[in-house]
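Participant: okay, here's the prediction I keep looking at, along with the sequence it came from:
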Amino acid sequence: MNFKVAYNIIISFLLISCGGSKVVNESNQANSSLSPKSIIKTHQSASPDFTTLAARMHVSYEEGENSQSIAVSLRMEKDNKIWIKASLLGITLAKALITPEKVSYYESISNTYFDGDFSLLSEWLGTDIDFQKAQAILLGQSIFDLEAKYQSTVIVNKYKLQPKTQLNNFIFSLLLNPENFKISSETLSQPNDERMFTVNYGKYQKIEGGYYPSQINIIATQKGSKTKIAVNYKKIDHNAAIRFPFTIPKGYEEIQLN
């Protein structure tokens, strides 16, 4: 059984609402006269306002001939903590606690753990990841620095943003939905390293005045290998009273990075 999915789900968090939430599928049209500065400002202000979230989700993972599906519990305190537990048939496979300072993780099948910086996540994803980027992915916000000079065009009723000057080995672009200015798709290419990282979002849910993704599809390629992750969320409790229990079991072996 391939349990690598437990690693990758750490950054594969999305939020989906339950109960009376409404799927956003409006027919707003993109305005080609809107400036890049206005598009970026509106996107940044679209980041939802909350204190805590608790969610259950279903994650499917595929790499080459290996595939797996897994149940995941997510708890989050905005800007402070991301906690996950991966389970299969009621058995805990892995737990992770991510803070702005470090990543703590253990897997019960191999009796291994990691407790350190974000190098582990960056290695798994093939691109630099930190807490803010992980949080941005799960909230449908840009993982890129939007302070540089950007240019914008309208493509298939989406706002496309990309830097006016791209770095040689760091080429990226965003597609934003006109109805809520949330990410539709974002892509990072590092041609010198033969890497590409793409995140595609499905429809958005409106919960307590904020917009949250309901589905995410991640495709990461590196030197011919391809990893696909699909996440669907079943339930979320907004601003719930939650805890973040995490203790690395005794006797586990530390994961060594190359």
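Facilitator: Nice, I can see it. Numbers count the residues shown, from 1 in each chain.

Participant: any idea how far Y211 is from V231?
Facilitator: 17 Å (CB to CB, to the nearest Å). Where you see a C-beta, it was placed from the backbone N, CA and C, and this is true even at glycine.

Participant: and the two? Which one has more around it.
Facilitator: The residue with more neighbours, out of Y211 and V231, is V231; 24 against 21, by other CB atoms under 10 Å.

Participant: secondary structure class for that one?
Facilitator: Of the three states, V231 takes strand according to DSSP: H, G, I helix; E, B strand; the rest coil.

Participant: pretty sure it contacts R56?
Facilitator: No: if you go by CB atoms under 8 Å, V231 and R56 don't touch, sitting 11.4 Å apart.

Participant: any idea what Y61 is bridged to?
Facilitator: Beta-bridge partners for Y61, by DSSP bridges, are Q68, I229.

Participant: could you count how many residues lie near it?
Facilitator: Neighbours around Y61, by other CB under 10 Å: 24.

Participant: start and end of stretch 113-121, how far apart?
Facilitator: Length of stretch 113-121, first residue to last, CA to CA, to the nearest Å: 13 Å.

Participant: repeat that for stretch 188-195.
Facilitator: OK, stretch 188-195 end separation, CA to CA: 8 Å.

Participant: for that stretch, buried residues please.
Facilitator: Using 16 or more other CB atoms under 10 Å as the test for burial, stretch 188-195 gives L188, S189, Q190, R195.

Participant: quick check, nearest of the residues you listed to D79?
Facilitator: Distance to D79, by CB to CB, is smallest for L188 among the buried residues of stretch 188-195, at 22.9 Å.

Participant: wait, that closest one touches L174, no?
Facilitator: No: shown here, L188 and L174 do not form a contact pair, counting by CB under 8 Å, at 10.1 Å.

Participant: isn't there a strand covering V72?
Facilitator: Yes: assigned with three-state DSSP, V72 falls within a strand.
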